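S.K.: Make a model of this:
(one chain, ligands or ions: 1)
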Amino acid sequence: MKWNRIIYRFASVPVTVLAIAFVYFFKIPNPMMILIIPVVLFTYLDGYTSGILSGSTAVIYSAYFFFIATSDVVAAEKLMTIVLAVSSIVIMVGKLKARDSRTIVQLKEAQEELVRKKDYAEEISHIKSEFLSRMSHEIRTPINAVFGMTAIGKKAESIEQKNQALNKIGEASSHLLGVINDVLDMAKIEADKLELAPVEYNFGQMLKKVFTVVGYQLDEKRQQLVVNVNENIPHYLIGDDQRLAQVITNLLANAVKFTPEDGEIRFDASIASESDGDCELCIEVTDSGIGISDEQKERLFSAYEQAESDISRKYGGTGLGLAISKRIIELMGGNIRIESELGKGARFIFTVKVRRGDTDPRTMPASGIDFVNEDSGVTDNIGSDTTVINEFAGKTMLLAEDIEINREILITLLGDTRLEIDCAENGKDALDMIGEHPNKYDIVFMDVQMPVMDGLEASRRIRQLPAHPQGKLPIIAMTANVFKSDIDKCLAAGMDGHLGKPLDMDKVLEVLRKYLMKE
Ligand code: ADP
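M.R.: Now for the predicted structure:
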């Protein structure tokens, strides 16, 4: 198609030059020639002669032929006229034909593209509606547990029963948080906004936390987790430990979920290669569960996909975990693959790039990490902390938080520590209270979204007070805005740290100890 055009364009040049040469050399006194040259030029150059142009060209040609036929012009000029007219008409017809066939091909292509897009849209809509119904199930189930267990807890007469109900509420809440985090992660992946936050971390400790999280599910199904961490893994690594933990947790949780009771699960980790402190970490999670067919393997890393449509009915799950894991692994410069046969268990193998940490170049002790389903405890992050009685006696916090229940939670959970807590219901009140009592507060916990004045503005203004420049009064954001961009905004507004909601009491205590126990 393109060649047609090029030939037509180039063909117009010699013909037009010839026409001009005739006019010039033969000093043709024919005024119509002056008119016909731009028409010819236009016809040739304009690949797509519009209806109007074709019409006007025809009128001009007719007029011109009439003039030639009736006037007394030289033979050369007559000849030239015929050549010009015939050639330009032939080319114009050729162009129109080419345009028509091009148009037909384009129409066909557009039609096929539309059909493809329609099929794709229908498939996406089907996958998304299935996903929505799974999500609804995944969200309603733990909420139902929270409602039900709250009712049971209220009625229960013994402390033991009440505690049991509370533990189940904790588990259900953790599960719900996991589902919400997965959905948010997926949204970030789709918007290409998922980012890593590398830090130096202790690999063994990170693993222990992961094993504690899955330990509860392992215990429930009486499964055995065999751990083999190669001693060539440095004690400290640099990378995004939280995201790595998320991937391992997801793979282990799947292994537990798809393996029958009393089954075995293996966890293997080693350094596959190292050069100049850049390590390739290789991790394998192997189970003895239902396995995955070759056809299923292809699809499982796509968002919203599960192996079979009845998987969610049997096992639950959102179908997001593997897609998120794959993206995280790719961001870490690695890849993931599955070795499995239906009914014969599955092995997920992935690599990621990490750096050897600077803090401690030693390697792991030979024994690696011992994990024999020790009393793993409940996995929730609610109330798993240990507050120390009177730990913060003599210290005062200003808590800026507009939602009453959030104030109540913090005040109650920190009750034992004897931390004095004054409350403000918005940023403006917090600012005024600090202005009135510049030396009263040792730390500020600041919600971000509040009426009257938000936490960011309040922090900026507190930092403008002469008594509280950056580095003086610690201000910690305590907010449900948990994306990296949100944390960056808090720090830019003069805050010193960030605690995400729902609050993890271990982290709350860690922050309080960091800032209040300095001296
Ligand atoms: P979810 O488990 O929440 O549905 P994932 O993305 O983690 O979402 O897993 C997607 C699907 O992959 C699962 O629904 C299941 O069909 C399959 N799958 C994942 N891990 C395993 C495993 N270890 N054994 C068998 N099937 C698995």
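S.K.: Grab the most central residue of this protein for me.
M.R.: residue 189 (1.6 Å; CA atoms, centre = their mean).
S.K.: you'd agree that residue is in a helix?
M.R.: Yes: when DSSP: H, G, I helix; E, B strand; the rest coil is applied, residue 189 is found to be in a helix.
S.K.: Would you mind pulling up the elements that the helix of greatest length in the chain packs against?
M.R.: Identified as the longest helix of the chain according to DSSP state H is helix 75-155. If you count contacts as 3 or more CB pairs under 8 Å, 6 or more residues apart in numbering; DSSP states H and E, helix 75-155 packs onto helix 2-25, helix 31-45, helix 51-70, helix 159-190. In this view, the C-beta of every residue, glycine as well, is placed from N, C-alpha and C.
S.K.: Find the nearest non-adjacent residue to the residue nearest to the centre of the chain, please.
M.R.: Using CB to CB, 6 or more residues apart in numbering and skipping residues adjacent in sequence, the residue nearest residue 189 is residue 327, 4.9 Å away.
S.K.: Spell out which helix or strand contains that neighbour, please.
M.R.: helix 321-331 (DSSP states H and E).
S.K.: Quick check: buried residues in whichever helix or strand comes after that helix?
M.R.: Next helix or strand after helix 321-331 toward the C-terminus (DSSP H and E): strand 336-340. Neighbour counts over strand 336-340 (16 or more other CB atoms under 10 Å) mark 336, 338, 340 as buried.
S.K.: Low-confidence regions, the stretch 401-519 of the chain specifically.
M.R.: Low-confidence segments of the stretch 401-519 of the chain (pLDDT under 70): 518-519.
S.K.: now the helices for it?
M.R.: For the stretch 401-519 of the chain, helices defined by DSSP state H, counting those that start in this stretch occupy the ranges 404-413, 427-436, 455-464, 484-492, 505-516.
S.K.: Return the most buried member of the ones you listed.
M.R.: Among these, ranked by average contacts under mean count of other CB atoms under 10 Å, first place goes to helix 455-464 (a mean of 22).
S.K.: From the chain's centroid, how far away is that one?
M.R.: Counting by CA atoms, centre = their mean, to the nearest Å, helix 455-464 is centred 31 Å from the centre of its parent chain.
S.K.: neighbouring contacts of it?
M.R.: 400, 426-428, 430-431, 434, 444, 446-450, 453, 468-470, 473, 475, 477, 479, 489-490, 493-495 (CB atoms under 8 Å, 6 or more residues apart in numbering).
S.K.: got the angle between that helix and helix 427-436?
M.R.: 20 degrees (axes from the mean of the first three to the mean of the last three CA atoms, to 10 degrees).
S.K.: so which strand or helix has residue 353?
M.R.: Residue 353 belongs to strand 346-356 when assigned by DSSP H and E.
S.K.: packing partners for that strand?
M.R.: Strand 346-356 sits against strand 236-239, helix 241-257, strand 278-287, helix 321-331, strand 336-340, with contacts defined as 3+ CB pairs under 8 Å, 6+ apart.
S.K.: sorry, back to before: tell me what the helix holding residue 327 is packed against?
M.R.: Packed against helix 321-331, as judged by 3+ CB pairs under 8 Å, 6+ apart, are the following elements: helix 159-190, helix 241-257, strand 336-340, strand 346-356.
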